[in-house]
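A.B. asks: The following comprises the amino acid sequence and a computationally predicted model.
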Amino acid sequence: MSDHEGAPEIMLETRGYDLYYDGFQALKDVSIAIAARRVTAIIGPSGCGKSSFLRTFNRMNDLIPGTRVEGEILMGGRSIYERDVVELRRLVGMVFQKPNPFPKSIYDNVAYGPRVNGVRDKGKLSEIVETSLRDAALWDEVKDDLNRSAMSLSGGQQQRLCIARALAVEPQVILMDEPASALDPIATLKIEELIRELKAKYTIVIVTHNMQQASRVSDDTAFFLTDESRCGMLVEYGLTRRIFTQPEDQRTEDYITGRFG
Amino acid sequence: MMERLFAMRSRVGAESAETPRDEHAATHLRRRRFVQNVAFGLMWLAGLVGVVVLVAVVGYVLWSGGSVINWEFLTTPPRGGLAGEGGISTTIVTTLYLVGLTLAIATPLGVGAGIYLVEYAGEMESRSRFVRWLVIVARFGVETLAGVPSIVFGLFGYALFVVAMQFGFSLMAAALAGASLILPVIIRTTEEALKAVPRSYREGSLALGATKWQTIWQVVLPAAGPGIITGVVLGVGRVISETAVFYVTLGGSASVPTSLLEGGRTMALHVYYLAMDTRAFDRSMGTGAILVLVIVVINATINIMSRRYMKRMMGNV
């Protein structure tokens, strides 16, 4: 399944993973190994379970009553269910489709994660806020007024603030659920540039509808599709470069050439 | 999709010339405009009537009671007797005591119950049939309580707090009965306010490794704050203006209670006593006027504060 030469460090892995919503099977038999410090894109048509799959890794699906998971989900070789879910979510950050800053100041948004995780020292907090905002390429735009409400920022700025907020708790993985789909093209390019920079330190998994985006930002691509019973599955997974030029599966080729989806 | 767009465009082009169809559209538009004007006019009238009624009530109370209001009226206690002489100072203090004590009891209970129903029960409902049943009963109870006449709360308070628990006519008994009265209001508004907080805030917080309680305490409650405060303010108004409940739980002593187990007389009760038992109808109206002013001031203050708070949280809204 893998195109990698040698043996890259694996950050996230699923084996024979099934997902059920109230008895309805949403994903079946997904086995995938996601490499550390690379960008992995998950593509596929609407309703194929991409987002649900992404939300598996920080157990966000647990919030929806009636979800059930089977198979193994590993992080760093350990089952994610061995960790406390709160600790897991600190290690596996998430950026959502719609920017969702809290109705608090810019500073308090970024400091929120460290605070809830026990950082009390003011100097340390300010340092974390500045570093995170710099890493999210937002510092220069907001440094003069960190007490401004985050809600007054533009959509693109809000999304970068959400990225800074996720970085502030020092996660190992960042899950991105169509992070640019609510943004204009320029803001989208900024986010994509940021993703390419962030992969030096973080493992990034990004769900996207936009195939150009997947080819621009990702190293690896996983293509999901639904079968006749509306159940999602992994069709093909490998280096983005290969998936987009020489897909092995006919369905992948049909999708990336725009024949459906 | 594209084809349809092109088709629409060409149709727009074709209609730019004067045709019988245009004429029809023009008459039709005139009719639609007319309907709109009538509807707006009626709504404008409805709004106007609302304002006029409000101004009339407040104006009448102020006009007929205003003559007795002066500094002395505000700062001397009622003297009692058939003439109903004296001021209202002790009733103002008693009202403040009662409002404070009632809120101290009802706010934590009501907000807590609202949080439980919205944030916790929903999650447990899917797991336990007992909890689901309990929540249905609780919601039904809250809705029913909101519609129960206040004198029933009074009689309940009298039987339980005044007699059975032997608090007598006292601040304690009145505050407990008053809390029962405003609890449904606070629970309901808390529930509504919490439900209005977007799910994305909760998810954003949980995704950062915050516990559920941290999420509720630091993100959800501040965002729901203005809505919850509205419920509390409604409760304050209710306690200030309530007579039936306190008539049978607080007694009617004109002096300020010095302990939780002493009774007293709120401004609203004073209005009632003056109107029913004395000849001092003007003083009754005067007290009523002060009562109305107090409620106006409280509402205005909370409004301004909540608007400032929203502005700080949401930027320039």
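C.D. replies: Arrived safely, thanks for sending.
A.B. asks: Name all residues that make contact with B:I187.
C.D. replies: By C-beta atoms under 8 Å, 6 or more residues apart in numbering or on different chains, the contact list for B:I187 reads B:110, B:113-114, B:117, B:142. Every residue, glycine included, has its C-beta placed from N, CA and C.
A.B. asks: Is it part of a helix or strand, or is it coil?
C.D. replies: B:I187 carries the three-state label helix when classified by DSSP: H, G, I helix; E, B strand; the rest coil.
A.B. asks: now B:G110
C.D. replies: helix.
A.B. asks: what does A:G93 give?
C.D. replies: strand.
A.B. asks: What's the local residue count around it?
C.D. replies: Counted with other C-beta atoms under 10 Å in any protein chain shown, the neighbours of A:G93 add up to 27.
A.B. asks: So what sits opposite it in the bridge?
C.D. replies: A:I174 (DSSP bridges).
A.B. asks: Can you add secondary structure, pLDDT and neighbour count and give the contacts of B:I187 back as JSON lines?
C.D. replies: Below are the contacts of B:I187 laid out as JSON lines (DSSP: H, G, I helix; E, B strand; the rest coil; pLDDT from 0 to 100; neighbours: other C-beta atoms under 10 Å in any protein chain shown):
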{"residue": "B:G110", "secondary structure": "helix", "pLDDT": "95", "neighbour count": "27"}
{"residue": "B:A113", "secondary structure": "helix", "pLDDT": "93", "neighbour count": "20"}
{"residue": "B:G114", "secondary structure": "helix", "pLDDT": "93", "neighbour count": "24"}
{"residue": "B:L117", "secondary structure": "helix", "pLDDT": "90", "neighbour count": "22"}
{"residue": "B:V142", "secondary structure": "helix", "pLDDT": "88", "neighbour count": "20"}
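A.B. asks: Looking at the residues you listed, spot the one nearest A:V85.
C.D. replies: B:L117 (23.5 Å; C-beta to C-beta).
A.B. asks: mind listing the strands for the chain?
C.D. replies: Defaulting to chain A. Ranges of strands in chain A, per DSSP state E, are A:10-21, A:24-35, A:39-43, A:67-75, A:78-79, A:92-95, A:173-177, A:203-207, A:220-226, A:232-239.
A.B. asks: wait, chain B
C.D. replies: Here chain B has its strands, by DSSP E, at B:78-80, B:85-86.
A.B. asks: out of those, nearest to chain A?
C.D. replies: strand B:78-80 (47.6 Å; C-beta to the nearest C-beta).
A.B. asks: Quick check: mean pLDDT of the closest one?
C.D. replies: Strand B:78-80 shows a mean pLDDT of 82.
A.B. asks: now swap in stretch A:34-53 and tell me
C.D. replies: Per-residue pLDDT over stretch A:34-53 has a mean of 92.
A.B. asks: So is it next to chain B?
C.D. replies: No - Stretch A:34-53 stays clear of chain B (C-beta under 8 Å from any C-beta of the partner chain), getting no nearer than 12.0 Å.
A.B. asks: what's the distance between the closest residue to B:A210 other than its chain neighbours and A:R242?
C.D. replies: Leaving aside its chain neighbours, B:A210 sits nearest to A:V116 (4.1 Å; criterion: C-beta to C-beta, 6 or more residues apart in numbering or on different chains). According to C-beta to C-beta, to the nearest Å, A:V116 and A:R242 sit 42 Å apart.
A.B. asks: With neighbour numbers in mind, choose between these two.
C.D. replies: Counted by other C-beta under 10 Å, A:V116 and A:R242 do not tie: A:V116 has more neighbours, with 21 against 14.
A.B. asks: Quick check, that one in contact with B:A207.
C.D. replies: No - using C-beta atoms under 8 Å, A:V116 is not in contact with B:A207, being 11.4 Å away.
A.B. asks: Let me know the pLDDT of the closest residue to A:D29 other than its chain neighbours.
C.D. replies: Ranked by C-beta to C-beta, 6+ apart and with sequence neighbours excluded, the top spatial neighbour of A:D29 is A:G16, at 5.7 Å. pLDDT for A:G16: 93.
A.B. asks: who are the neighbours in contact with A:G16?
C.D. replies: A:29-31, A:70-72.
A.B. asks: how near is it to A:V69?
C.D. replies: 11 Å.
A.B. asks: Residue numbers of chain A in contact with chain B?
C.D. replies: Residues of chain A found near chain B (C-beta under 8 Å from any C-beta) are A:58, A:60, A:63, A:65-66, A:86-87, A:89-91, A:93-94, A:96, A:98, A:100-104, A:112-113, A:116-117, A:148-152, A:162, A:165-166, A:169.
A.B. asks: Please indicate which of the residues you listed are buried?
C.D. replies: Listed as buried from the residues of chain A next to chain B are A:58, A:60, A:86, A:89-91, A:93-94, A:96, A:98, A:100-104, A:112-113, A:116-117, A:148-152, A:162, A:165-166, A:169; burial here means 16 or more other C-beta atoms under 10 Å in any protein chain shown.
A.B. asks: Which of these fall within helices?
C.D. replies: Within these, residues falling in helices by DSSP state H are A:86, A:89-91, A:112-113, A:116, A:162, A:165-166.
A.B. asks: Which pair in these has the greatest spatial separation?
C.D. replies: Largest separation among those by C-beta to C-beta: A:V86 and A:C162, giving 19.3 Å.
A.B. asks: neighbours around the residue lying closest to B:A280 once chain neighbours are set aside, how many?
C.D. replies: The shortest distance from B:A280 to any non-neighbouring residue, by C-beta to C-beta, 6+ apart, is to B:G84 (3.0 Å). Residues within reach of B:G84, counting by other C-beta under 10 Å, total 20.
A.B. asks: ditto for the one 5 residues further on
C.D. replies: Each residue near B:S89 was counted by other C-beta under 10 Å, and the total is 17.
A.B. asks: repeat for B:L293
C.D. replies: B:L293, neighbours per other C-beta under 10 Å, totals 14.
A.B. asks: Quick check: B:A104 vs B:T243, distance?
C.D. replies: 21 Å.
A.B. asks: more neighbours, these two?
C.D. replies: Neighbour comparison, B:A104 and B:T243: the larger count goes to B:T243, with 19 against 12 (by other C-beta under 10 Å).
A.B. asks: Next up, the contacts around the more buried one.
C.D. replies: B:268-269, B:271-272.
A.B. asks: B:S89 contacts B:T75, correct?
C.D. replies: Yes - if you go by C-beta under 8 Å, B:S89 and B:T75 touch, sitting 5.2 Å apart.
A.B. asks: ok, back up a step: can you name the two of the contacts of B:I187 that are farthest apart?
C.D. replies: Pairwise distances among the contacts of B:I187 were taken by C-beta to C-beta; the largest, 10.7 Å, belongs to B:G110 and B:L117.
A.B. asks: Send me stretch B:23-37 as PDB with only the CA atoms.
C.D. replies: Extracted in PDB, the C-alpha atoms of stretch B:23-37 (Å, rounded to 0.1, in the frame of the first residue of the first chain):
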ATOM      1  CA  GLU B  23     -47.100  45.600 -18.100                       C
ATOM      2  CA  HIS B  24     -48.500  42.800 -16.200                       C
ATOM      3  CA  ALA B  25     -45.400  42.600 -14.000                       C
ATOM      4  CA  ALA B  26     -45.600  46.300 -13.300                       C
ATOM      5  CA  THR B  27     -49.200  46.100 -12.100                       C
ATOM      6  CA  HIS B  28     -48.300  43.100 -10.000                       C
ATOM      7  CA  LEU B  29     -45.400  44.900  -8.500                       C
ATOM      8  CA  ARG B  30     -47.700  47.900  -7.600                       C
ATOM      9  CA  ARG B  31     -50.000  45.500  -5.800                       C
ATOM     10  CA  ARG B  32     -47.100  43.800  -3.900                       C
ATOM     11  CA  ARG B  33     -45.800  47.200  -2.800                       C
ATOM     12  CA  PHE B  34     -49.300  48.100  -1.600                       C
ATOM     13  CA  VAL B  35     -49.600  44.900   0.500                       C
ATOM     14  CA  GLN B  36     -46.100  45.600   1.900                       C
ATOM     15  CA  ASN B  37     -47.100  49.200   2.900                       C
END
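A.B. asks: All set now, cheers.
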